[in-house]
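**Q** okay, here's the prediction I keep looking at, along with the sequence it came from:
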Amino acid sequence: MRFADVEAIRALTGQHRTPVLSDGDHVVHETWDIACYLEERFPSNPSLFGGAIGRGMARLINVWSDTQLGSPLRRVIYGDFPAVLDAEDRAYFRATRERDLGMTLEAACADPEGKLAAFQQACAPLEHTLSVQPYICGPAPAYADYTVFSIFQWARLGSSKEVVAQGSAIAEWRRRMIALFGNLGDRFPGYPM
Ligand SMILES: N[C@@H](CCC(=O)N[C@@H](CS)C(=O)NCC(=O)O)C(=O)O
């Protein structure tokens, strides 16, 4: 993110992170709040949650995915991540992430095989679920699939490492998720190979 973009985001939302949704007079940030806003704003579109019960469960999956999958994944991909950033963003990324981790990116990503195994272990409930149904939300994808897919997409675009075991149920699900919405998951450039 360029500094000018960050200032624009700050002016709109009072904080500096993306995503941000601007819809007429409404500005919403935080992924979960954006999803809730869209669900209410477009009631005749396919539901993201499938009702109040689904919304409650989607919230748990959102938190689970961000914390229980996102945290171990950082220790797999963070060492590679600066390479996909604009040169002027690399120092910012390193400084902020190393502050959060309390160590260098290289130290956080030491023992890559062990870190990958820890991430795949965290994915076990997902692998089990997807081995008996095609999507997290059941027969068709919805918000819980999108939020969990974002973790895998982060890895696909930010690292050359394959974090998904070949032939696994997660690999098949990820392939179907990439293909959604006219192959949207492949529209953006990934890790420089
Ligand atoms: N909980 C927030 C997290 C937002 C977040 O961390 N966004 C990242 C990009 S995906 C960001 O803006 N990072 C900028 C920074 O670290 O300064 C959400 O889900 O919207």
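**A** Great, that's in hand.
**Q** quick one: the helices in this protein?
**A** Ranges of helices within the chain are 3-13, 31-41, 52-64, 70-77, 87-101, 105-108, 112-122, 124-130, 143-158, 169-183, based on DSSP state H.
**Q** relative to helix 112-122, how tilted is the fourth one?
**A** For helix 70-77 against helix 112-122, the angle between stretch directions is 150 degrees (axes from the mean of the first three to the mean of the last three CA atoms, to 10 degrees).
**Q** one step back: and the helices of the chain as JSON lines, adding mean neighbour count?
**A** The C-beta positions use only the backbone N, C-alpha and C, and glycine is treated the same way. Shown next, in JSON lines, are the helices of the chain (neighbours: other CB atoms under 10 Å):
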{"stretch": "helix 3-13", "mean neighbour count": "12"}
{"stretch": "helix 31-41", "mean neighbour count": "15"}
{"stretch": "helix 52-64", "mean neighbour count": "15"}
{"stretch": "helix 70-77", "mean neighbour count": "20"}
{"stretch": "helix 87-101", "mean neighbour count": "13"}
{"stretch": "helix 105-108", "mean neighbour count": "15"}
{"stretch": "helix 112-122", "mean neighbour count": "15"}
{"stretch": "helix 124-130", "mean neighbour count": "16"}
{"stretch": "helix 143-158", "mean neighbour count": "21"}
{"stretch": "helix 169-183", "mean neighbour count": "15"}
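**Q** turn the ones you listed into JSON lines, including mean pLDDT.
**A** Formatted as JSON lines, the helices of the chain follow (pLDDT from 0 to 100):
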{"stretch": "helix 3-13", "mean pLDDT": "86"}
{"stretch": "helix 31-41", "mean pLDDT": "98"}
{"stretch": "helix 52-64", "mean pLDDT": "98"}
{"stretch": "helix 70-77", "mean pLDDT": "98"}
{"stretch": "helix 87-101", "mean pLDDT": "95"}
{"stretch": "helix 105-108", "mean pLDDT": "98"}
{"stretch": "helix 112-122", "mean pLDDT": "98"}
{"stretch": "helix 124-130", "mean pLDDT": "98"}
{"stretch": "helix 143-158", "mean pLDDT": "97"}
{"stretch": "helix 169-183", "mean pLDDT": "98"}
